[in-house]
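Undergrad: need a 3D model of the following:
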Amino acid sequence: MALVVARAISKDYTSGEVVVNALKDLDFEIEPASFVSFVGPSGSGKTTLLNLIGCLDKPSRGTLQVAGVDIANLNRKQGARFRGTNLGFIFQDFNLIPVLSVYENIEYPLLMVQNVPAPERSQRVKTLLEAIGMSEQQHKFPDQISGGQKQRVAVARALVSNPKLVLADEPTANLDSKTAYRIIDLMKKMRDQYQTTFIFSTHDQKIVGEAEIIYTLEDGELKGREAKGGRSHG
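TA: Sure, this is the predicted structure:
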C-alpha cells in the first residue's frame with residue numbers, strides 16, 4: 001500500500017483580488033521506503049507541496065492521504081499529533097536549537113510530542129548518535145560543530161521518533177559537495193535500516209542524481225516522473 005496518495009490536489013493562495021494557483025491537480029503515489037525527489041525551478045511549488053504532505057498546510061481541492069490518513073481533514077491539534085507520530089523534518093538551515101547540546105537536540109522531539117520513557121529515549125538517541133558518527137560530539141552545542149555535522153544531527157533528530165516519512169527541504173543547500181554526498185549516503189543508510197521514506201524538495205543535482213524516483217514540477221504542475229537506481233559514493 002502506498003504511503004502517500006495524492007489525487008487531484010491543488011493549492012491556491014489569494015493576494016488581494018488575485019488568486020495564485022501554486023499547485024494544480026497533482027496525482028501521484030509514493031511507496032514505503034522510497035527515496036524521492038521533487039525538482040523544479042523556484043516558484044514551481046516544491047515547498048508548497050512539502051508543506052501539504054507535512055500536514056503544515058491544507059490543499060484547496062483534492063485528497064491527500066499519508067499513512068492511510070486523509071490529512072486534509074485533520075484539525076490543528078490532530079495535525080500536530082499526526083506530525084509528531086508519523087513525520088520527521090530536515091531543513092536547509094538545520095534548525096537546531098542553539099541552547100541545546102547535540103544529544104538534547106536529537107532527544108527534543110521525544111520530549112515534545114511523544115510520551116517516551118527516559119531509558120528508551122536514551123537508547124534511541126545513543127543508537128542514532130552512533131549511526132551518524134557523532135557520539136564523541138554529543139555534549140557540544142550547534143555553534144561548536146561544522147555545517148555537515150549539524151545536518152547529521154538534523155537527520156538523527158528527524159529519525160528519532162521512528163517516523164514513516166521524512167521531508168527534507170533543500171537539505172544539502174548549505175553544504176560542500178563532499179559533505180553533501182556524505183549526508184545523502186547517511187540518509188540512504190537510514191532508509192535501509194529503518195525503512196523510512198525520504199521525500200526531498202531540491203535544486204541540488206547531487207540529490208537528484210541519487211534519488212530513485214524524480215518528479216518534475218513546473219508552474220505548479222507535475223510535468224514528469226522518472227524512476228531509476230541511485231549511485232553509491234564513498
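Undergrad: where's the spatially most central residue of the chain, which helix or strand?
TA: Centrality entry for the chain: nearest residue to the mean C-alpha point is residue 167, 1.4 Å, by C-alpha atoms, centre = their mean. Here residue 167 is covered by strand 165-169, with elements defined by DSSP states H and E.
Undergrad: how close does residue 193 get to residue 131?
TA: 7 Å (C-beta to C-beta, to the nearest Å). (C-beta placed from N, C-alpha, C; glycine too.)
Undergrad: please apply the same query to residue 227.
TA: On the measure of C-beta to C-beta, residue 227 and residue 131 end up 28 Å apart.
Undergrad: show me which of the two is the more surrounded one.
TA: Higher neighbour count among residue 227 and residue 131: residue 131, with 18 against 10, using other C-beta atoms under 10 Å.
Undergrad: report the contact partners of that one.
TA: With contacts defined as C-beta atoms under 8 Å, 6 or more residues apart in numbering, the neighbours of residue 131 are 156, 186, 189, 190, 193.
Undergrad: quick one: low-confidence parts of the chain?
TA: Applying pLDDT under 70 to the chain flags residues 113-114, 229-234.
Undergrad: return the backbone torsion pair for residue 91.
TA: Main-chain dihedrals, residue 91, degrees, to the nearest 10: phi -120, psi 160.
Undergrad: my guess is it contacts residue 174, does it?
TA: No: Residue 91 is beyond contact range of residue 174, at 9.8 Å (criterion: C-beta atoms under 8 Å).
Undergrad: quick check: neighbours shared by these two?
TA: Common contacts of residue 91 and residue 174 (C-beta under 8 Å, 6+ apart): none found.
Undergrad: so which residues make contact with stretch 88-108?
TA: 54, 109, 121, 125, 128-129, 134, 137-143, 145, 147, 150-151, 153-161, 163, 165-174, 196.
Undergrad: that one: end-to-end distance?
TA: 12 Å (C-alpha to C-alpha, to the nearest Å).
Undergrad: now swap in stretch 130-150 and tell me
TA: 15 Å.
Undergrad: what helices or strands is the helix or strand just after the strand holding residue 167 leaning on?
TA: Downstream of strand 165-169, the first helix or strand assigned by DSSP H and E is helix 177-194. Helix 177-194 sits against strand 35-39, helix 118-131, helix 147-159, strand 197-202, helix 205-210, with contacts defined as 3 or more C-beta pairs under 8 Å, 6 or more residues apart in numbering; DSSP states H and E.
Undergrad: angle of the fourth one against strand 35-39?
TA: Spelled out, that is strand 197-202. 20 degrees (axes from the mean of the first three to the mean of the last three C-alpha atoms, to 10 degrees).
Undergrad: mind listing the strands strand 197-202 pairs with, and their directions?
TA: Strand 197-202 has its sheet partners listed here by DSSP bridges as strand 35-39 (parallel), strand 165-169 (parallel).
Undergrad: next one: that strand to chain centre, how far?
TA: Centroid separation between strand 197-202 and its chain, computed with C-alpha atoms, centre = their mean, to the nearest Å, is 6 Å.
Undergrad: buried ones in it?
TA: Buried residues in strand 197-202, defined by neighbour count with 16 or more other C-beta atoms under 10 Å: 197, 198, 199, 200, 201, 202.
Undergrad: what sits against the closest residue to the fifth one other than its chain neighbours?
TA: Put plainly, it is residue 201. Spatial nearest neighbour of residue 201, chain neighbours left out: residue 46 (3.8 Å); criterion: C-beta to C-beta, 6 or more residues apart in numbering. Applying C-beta under 8 Å, 6+ apart, we find residue 46 in contact with 38, 39, 40, 169, 201, 202, 217.
Undergrad: nothing else from me, thank you.
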